[in-house]
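Engineer: Kindly generate the corresponding structure for this input.
(chains A and B)
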Amino acid sequence: GESVGLHLPTLSVQEGDNSIINCAYSNSASDYFIWYKQESGKGPQFIIDIRSNMDKRQGQRVTVLLNKTVKHLSLQIAATQPGDSAVYFCAENIMTNEKLTFGTGTRLTIIP
Amino acid sequence: NAGVMQNPRHLVRRRGQEARLRCSPMKGHSHVYWYRQLPEEGLKFMVYLQKENIIDESGMPKERFSAEFPKEGPSILRIQQVVRGDSAAYFCASSPSETSTDTQYFGPGTRLTVL
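Structural biologist: Numbers count the residues shown, from 1 in each chain, chains lettered A, B, ... in the order given. A predicted model of the protein is given here:
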């Protein structure tokens, strides 16, 4: 079921350390996954995406891992910086359906 | 290279009034999506439109809410007779084509407050 009105999961990481944010998705038919970053008062910002025929994809300082067996997605951020502090959402999409389904989100705080 | 634009950024309405939210997609994008976000929650899909067509409105409340994306001009999300429960952030996203794996790029959102 959905969590309504609950506080977001939080993760605090020391500046310069690596962080891992996890997401469990619900629909085994989903075949496209995206990570978004949302700063306070702003819209979601695209970070990285991955299709279901891949299990890993790397960007600049970010890596997304996909485990379809257990329906798990993770976002790794290397050498975190204060500007990485934000709420991170995973989103999933099914090929025949255009709408994105968002996860609950994780609030990442980088400690200077 | 302007991104998705939304206005107004903040909108205050009294119960019973109408709210009109506007979204201009990125240049070259013909697909628009509207999402709603309550505090401390993820975004929830409302409606997907292409020019002059509503493709999927499965997330739209059946009453008081409507959306359009005319041939010319921005997409409009319209909420009639607003109630306090309509208070939320409304985000618009656009993508260039109907390919499902095209990334959706989001605007800054409109924060609606109903008094």
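Engineer: From now on I want contacts and neighbour counts done on CA atoms only, so please keep to that.
Structural biologist: Will do.
Engineer: Which strand runs longest in chain A?
Structural biologist: strand A:86-94 (DSSP state E).
Engineer: For that one, which residues meet the burial criterion?
Structural biologist: A:86-94 (16 or more other Cα atoms under 10 Å in any protein chain shown).
Engineer: give me the residue from chain A nearest chain B.
Structural biologist: Per Cα to the nearest Cα, the residue of chain A with the smallest distance to chain B is A:Gly43, at 4.3 Å.
Engineer: and that residue, which of the three is it?
Structural biologist: coil (DSSP: H, G, I helix; E, B strand; the rest coil).
Engineer: what about the helices in chain B?
Structural biologist: Assigned by DSSP state H, chain B shows no helices.
Engineer: Leaving out sequence neighbours, find the closest residue to whatever residue of it ends up closest to chain A.
Structural biologist: For chain B and chain A, the shortest gap (Cα to the nearest Cα) falls at B:Pro108, measuring 4.3 Å. Counting by Cα to Cα, 6 or more residues apart in numbering or on different chains, A:Gly43 is the residue found nearest to B:Pro108 once chain neighbours are left out, at 4.3 Å.
Engineer: if I look at the one you found, how far off is B:Glu63?
Structural biologist: With distances taken as Cα to Cα, to the nearest Å, A:Gly43 is found 26 Å from B:Glu63.
Engineer: Same check on B:Glu41?
Structural biologist: Where B:Glu63 is concerned, B:Glu41 sits at a distance of 23 Å (Cα to Cα).
Engineer: One more: A:Glu92?
Structural biologist: 27 Å.
Engineer: for A:Thr10, same thing?
Structural biologist: 36 Å.
Engineer: Do you know the pLDDT at the residue lying closest to A:Val62 once chain neighbours are set aside?
Structural biologist: Spatial nearest neighbour of A:Val62, chain neighbours left out: A:Ile77 (4.6 Å); criterion: Cα to Cα, 6+ apart. On pLDDT, A:Ile77 comes in at 97.
Engineer: what's near enough to touch A:Ile77?
Structural biologist: A:18-20, A:61-63 (Cα atoms under 8 Å, 6 or more residues apart in numbering or on different chains).
Engineer: buried residues in stretch B:69-88?
Structural biologist: Those buried within stretch B:69-88 under the rule 16+ other Cα under 10 Å are B:69, B:74-83, B:86-88.
Engineer: of A:Gly43 and B:Glu63, who's got more company?
Structural biologist: A:Gly43 (22 against 9; other Cα atoms under 10 Å in any protein chain shown).
Engineer: wait, isn't the more buried one in contact with B:Thr110?
Structural biologist: No - counting by Cα atoms under 8 Å, A:Gly43 stays clear of B:Thr110, with 9.4 Å between them.
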